[in-house]
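[1] below is the sequence, then the predicted model.
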Amino acid sequence: MKKIILLLLSICMTLLAQGDLHLFSVANKDGTITPKQIEDSFAKNGFSVTLNNDMTKPFKIQFQKSDYKVFNLMTVYEPKLADKLLRVSSKAGVFIPMGVGIYQGNDDENLHVSILTSDAQAKIIGIENNDLLKELEKKAIKSIKEALPNAQQTLSEDSLKESRDLVTLYEYELDDADDYDDAKEEIKMSLESNFAPKGFVLPATLDYEMGVLDENAESPFDFYESYSICKLPVIYTVAKTRPEAAAFAPCTTVLYKEKGSDKIVMGFPAVYNWLSSAHVTDDAAHKELMKAQSDFEQILKNITE
């Protein structure tokens, strides 16, 4: 009787455990399924694709090898839902665009795709009502399934506990809420000039007014821009043990000012999300992630202090 009870408890705990990542796996021994097919499916379902970068070539150039025959970082956003999300929470921009990891190991017969769940996004952003995120999740899953109709879908293992802030934010105070243009340009120049010395690259940018805002609606922001940021040693090292963490890369860094506010806000999803959601416990990967967090924080501190 005890064994039956213990078994039932184990099953219940398994059912209750909810990982932070949707994982898809499909047979691809012959390599006929490509990241481009996944990109096309997202576009067909109303998403804008901001990048779809093959990382195997940069891996081979910088590290002389790649453990993957396919390793693509793709970022996408759904304009209508993105606009609505930003009106609910300005921090939602850290997932506009959102990441889609696409990877297949050199000796793996299956292609894999990873994206964050809506619950994970809501947890990171810090909102309780995530109906919009659930709608976004549904459309993203539909896009992947249409591209990979034979894929198996699972959830990652339950996330590790994390008490640190999941979004890192810094504020630059203005003397006058209406006089922000010069400060904005100075901050942008400082960001861009400091990325390269710290090893960060900037593969894509997104302007809220140009790519997201409903043209018939008034913006709640004086400006809202995002940068896709990545650091090759981080991605390469983490991918050795946790390739599904590609759903967090590139990191979307936001720069915005709400109307009427006397602050310009800068922020990015902290690397603690990688450690927690993707179970990154490897020492080398942990070290690279924490260095990236420290370097990025130092850049923003230098700008705001």
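    Noted; the coordinates are in hand. Numbering: from 1, shown residues only.
[2] so who does the closest residue to residue 175 other than its chain neighbours touch?
    Take residue 175 and drop its neighbours on the chain: the residue closest to it by Cβ to Cβ, 6 or more residues apart in numbering is residue 262, 7.9 Å away. Bear in mind the C-beta positions are built from the backbone N, C-alpha and C, glycine included. Residue 262 sits next to 173-177 when contact means Cβ atoms under 8 Å, 6 or more residues apart in numbering.
[3] could I get these as TSV with secondary structure and neighbour count?
    Output for the contacts of residue 262, formatted as TSV (DSSP: H, G, I helix; E, B strand; the rest coil; neighbours: other Cβ atoms under 10 Å):
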residue	secondary structure	neighbour count
173	strand	10
174	coil	17
175	coil	8
176	coil	8
177	coil	14
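[4] let me have the residues you listed in a markdown table, extended by pLDDT and distance to residue 94.
    Listed next are the contacts of residue 262 as a markdown table, based on pLDDT from 0 to 100; distance: Cβ to Cβ, whole Å:
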| residue | pLDDT | distance to residue 94 |
| --- | --- | --- |
| 173 | 96 | 22 |
| 174 | 96 | 22 |
| 175 | 93 | 28 |
| 176 | 94 | 28 |
| 177 | 93 | 24 |
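[5] where along this protein do the helices fall?
    2-16, 35-44, 56-63, 79-88, 118-125, 131-147, 181-195, 208-211, 232-239, 272-277, 283-304 (DSSP state H).
[6] any idea how far stretch 162-171 is from the chain center?
    15 Å (Cα atoms, centre = their mean, to the nearest Å).
[7] now that stretch: buried residues?
    The neighbour-count check on stretch 162-171 (16 or more other Cβ atoms under 10 Å) flags 166-168, 170 as buried.
[8] so of those, which ones are in strands?
    Within the buried residues of stretch 162-171, residues falling in strands by DSSP state E are 167-168, 170.
[9] now the residue nearest the centre of the chain: how far from residue 174?
    Closest residue to the average C-alpha location of the chain: residue 248 at 3.5 Å, with Cα atoms, centre = their mean. Applying Cβ to Cβ, to the nearest Å, the value for residue 248 to residue 174 is 31 Å.
[10] also residue 124?
    Taking Cβ to Cβ, one finds residue 124 at 27 Å from residue 174.
[11] could you find the closest non-adjacent residue to residue 133?
    Residue 133 sits nearest to residue 118 (Cβ to Cβ, 6+ apart), 3.9 Å away.
[12] er, residue 19 I mean
    Closest to residue 19 by Cβ to Cβ, 6+ apart is residue 156, at 3.4 Å.
[13] just give me the neighbour total for the one you found.
    By other Cβ atoms under 10 Å, 23 other residues sit near residue 156.
[14] over to the one 5 residues further on?
    Neighbour count for residue 161, taken as other Cβ under 10 Å: 6.
[15] and what of residue 190?
    14.
[16] quick check: it touching residue 303?
    Yes: using Cβ atoms under 8 Å, residue 190 is in contact with residue 303, at 5.0 Å.
[17] quick revisit: tell me who's in contact with the residue nearest to residue 133.
    Residue 118 sits in contact with 130, 133-134, 136-137, where contact means Cβ under 8 Å, 6+ apart.
[18] closest one of those residues to residue 290?
    residue 133 (27.8 Å; Cβ to Cβ).
[19] so what's the closest one up against?
    85, 118, 121-122, 127.
[20] could I get the contacting residues of residue 170?
    265-267, 297, 300-301, 303-304.
[21] please name the nearest non-neighbouring residue to it.
    residue 300 (4.1 Å).
[22] for residue 301, same thing?
    Closest to residue 301 by Cβ to Cβ, 6+ apart is residue 170, at 6.8 Å.
[23] per-residue pLDDT, that neighbour?
    Residue 170 is assigned a predicted lDDT (pLDDT) of 96.
[24] give the bridge partners for it, please.
    residue 266 (DSSP bridges).
[25] for it, give its distance to residue 261.
    From residue 170 over to residue 261 (counting by Cβ to Cβ), the distance is 14 Å.
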